[in-house]
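Student: Sequence plus the predicted model coming up.
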Amino acid sequence: MIVGSNAGAVDQGVQQENKSGVLGSLGGVDMMRQITMILALAICLALAVFVMIWAQEPEYRPLGKMETQEMVQVLDVLDKNKIKYQIDVDVVKVPEDKYQEVKMMLSRAGIDSAAASSKDFLTQDSGFGVSQRMEQARLKHSQEENLARAIEQLQSVSRAKVILALPKENVFARNTAQPSATVVINTRRGGLGQGEVDAIVDIVASAVQGLEPSRVTVTDSNGRLLNSGSQDGVSARARRELELVQQKEAEYRTKIDSILSPILGPDNFTSQVDVSMDFTAVEQTAKRFNPDLPSLRSEMTVENNSTGGSTGGIPGALSNQPPMESNIPQEADKATESVTAGNSHREATRNFELDTTISHTRQQIGVVRRVSVSVAVDFKPGAAGENGQVARVARTEQELTNIRRLLEGAVGFSAQRGDVLEVVTVPFMDQLVEDVPAPELWEQPWFWRAVKLGVGALVILVLILAVVRPMLKRLIYPDNVNMPEDSRLGNELAEIEDQYAADTLGMLNTKEAEYSYADDGSILIPNLHKDDDMIKAIRALVANEPELSTQVVKNWLQDNG
């Protein structure tokens, strides 16, 4: 009787298990609840798909604003090469990992993806209601764009931005403000030399009326000041002098390397040069006189001669008086009488000046006053030892003297100005090639992509555990949601009983197993020697005594808790 009742219970449990499931649960739930749960599951699924697509989508980088005609040409190139792109109004975006490749493609196709040309501001119709201030702003912007395009023609400049500060014209010359300019450049590999910086300054200064080169500021994208328009003259001059000293030292080191590298090898010597330069500006004017070479500067000569003639004068009483009696003897000589009458006057003035020499001398700025050169030479390989290892020995004095003579000619050594040249031989340490440190983990190209995938997987996992799983559980077992813990435990044990009911009944009906019943109706378990026999016996006990089995499991849980 017990077996029959248990068999019926097991059959009912199997049938109930077959009826359970999602479809069966949906059939027992009201329509509004079904629609709500299906919509929630659909939203979760769509969100999961969106997260996965977002995690796998590459980063996009804009190529810049483009006009319609230019955008059509760019899109044709991208479509031809099968490169994905995105369009945002007038901006075309391409994957970041293919940005440089796309730039090369556009350059080869003759397409410049830079901003619109500044000529568009001049050729387009300005309209009737545009103010004079707006016209001036547009002209200034056009001038800035033209200067930027001109600077970008330099090979060392990839992109340039020019900002002009043009003051308003003033009729009063005393209140006139000076214009200024700022240039921000993106350099290519290798950077800019001082000559190229000076060229940029001159380009901007010569293109703007009244702009002095000292009021042009040039910086690069890294924030380094290449030319200052705000520094005073002393600071700018000091910076220029330091650059000249460093340039001169680098020139000397280059000469030393070019001589010693073929002789000793590039890794067998090291050199250092210190140059002392004089940047004093001296102007001298001298005036010299040479007393040995006098020269006539000016001469004035006056000479009056009067011989013979009668005495005369102004007509009048005094002039008409008869001459007084002469004391000259009557017997005077005739020759003497002929030369007594006459008048003579002579005057001479001469100005002399010494030889004068005026010389104006301006000394050269940046004269080398002293050069100090230090060269360390490594030991040379010697004879091999007994163990086969090559020993290193110092270089001879004759070798060092020859090296010193070569360097004296290379650097223009002058003992009169106090130059110093030292060449010594010392053993060099074995240079260990240090491993280049690997970039940090977050600098790896795959790191952020893995982070995106991890975030997407985490979001999907949270959705499954926090939303989908509870909803499915609520949908499949709507009656167990608000049950107490004991009822849930009983239901779980009942499911276990139903699961093994069919196997237990089949085991009890077989002839191989011999089971007997006691007087009180309990099952007498035979002597079991195998694990399978023990498992079958426990299943039979659970099928016949469900309440007792439930109580045993409860006791186990309490003991473990």
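Tutor: Thanks, I have the structure now.

Student: just checking, what packs against the helix or strand hosting Ser549?
Tutor: Using DSSP states H and E, Ser549 maps to helix 546-560. In terms of contacts (3 or more CB pairs under 8 Å, 6 or more residues apart in numbering; DSSP states H and E), helix 546-560 is packed against helix 485-509, helix 531-544. C-betas here are computed from N, CA, C, even on glycine.

Student: which of those helices has the lowest average pLDDT?
Tutor: Out of the helices and strands packed on helix 546-560, helix 485-509 stands lowest, with a mean of 53 (criterion: mean pLDDT).

Student: what's the neighbour count on Ile256?
Tutor: Residues near Ile256, counting by other CB atoms under 10 Å, number 20.

Student: Sticking with it, tell me its helix or strand.
Tutor: Counting by DSSP H and E, the element that carries Ile256 is helix 233-264.

Student: tell me the mean pLDDT over that helix?
Tutor: Helix 233-264 comes out at a mean pLDDT of 88.

Student: what packs against that helix?
Tutor: Using 3+ CB pairs under 8 Å, 6+ apart, the elements in contact with helix 233-264 are strand 269-278, strand 367-377, helix 397-411.

Student: relative orientation of that helix and strand 367-377 in degrees?
Tutor: Here helix 233-264 points in a direction 40 degrees away from that of strand 367-377 (axes from the mean of the first three to the mean of the last three CA atoms, to 10 degrees).

Student: For helix 233-264, buried residues please.
Tutor: If you call a residue buried by 16 or more other CB atoms under 10 Å, then helix 233-264 has these buried ones: Leu244, Val245, Lys248, Glu249, Tyr252, Lys255, Ile256, Ile259, Leu260, Leu264.

Student: for stretch 538-552, same thing?
Tutor: Arg539, Ala540, Leu541, Val542, Ala543, Asn544, Glu545, Pro546, Ser549, Thr550.

Student: separation between the residue lying closest to Val420 once chain neighbours are set aside and Tyr252?
Tutor: Among residues not flanking Val420 along the chain, Ser372 sits closest, at 4.4 Å (CB to CB, 6 or more residues apart in numbering). To Tyr252, Ser372 is 10 Å away according to CB to CB, to the nearest Å.

Student: overlap in contacts of these two?
Tutor: Val273, Val275 (CB atoms under 8 Å, 6 or more residues apart in numbering).

Student: did I read that right, Gly229 in a helix?
Tutor: No. Using DSSP: H, G, I helix; E, B strand; the rest coil, the secondary structure at Gly229 is coil, not a helix.

Student: Tell me the pLDDT of it.
Tutor: You'll see Gly229 listed with a pLDDT of 70.

Student: go on, Val91?
Tutor: pLDDT, Val91: 80.

Student: pretty sure it contacts Leu63?
Tutor: Yes. Val91 lies in contact with Leu63 (CB atoms under 8 Å); the separation is 7.4 Å.

Student: who's more crowded, these two?
Tutor: Leu63 (21 against 13).

Student: now Gln398: how far from Arg404?
Tutor: For Gln398, the distance to Arg404 equals 11 Å [CB to CB].

Student: so who does Ser298 touch?
Tutor: Ser298 is in contact with Arg350, Asn351, counting by CB under 8 Å, 6+ apart.

Student: repeat that for 10 Å
Tutor: Residues near Ser298 by CB atoms under 10 Å, 6 or more residues apart in numbering: Thr349, Arg350, Asn351, Phe352, Glu353.
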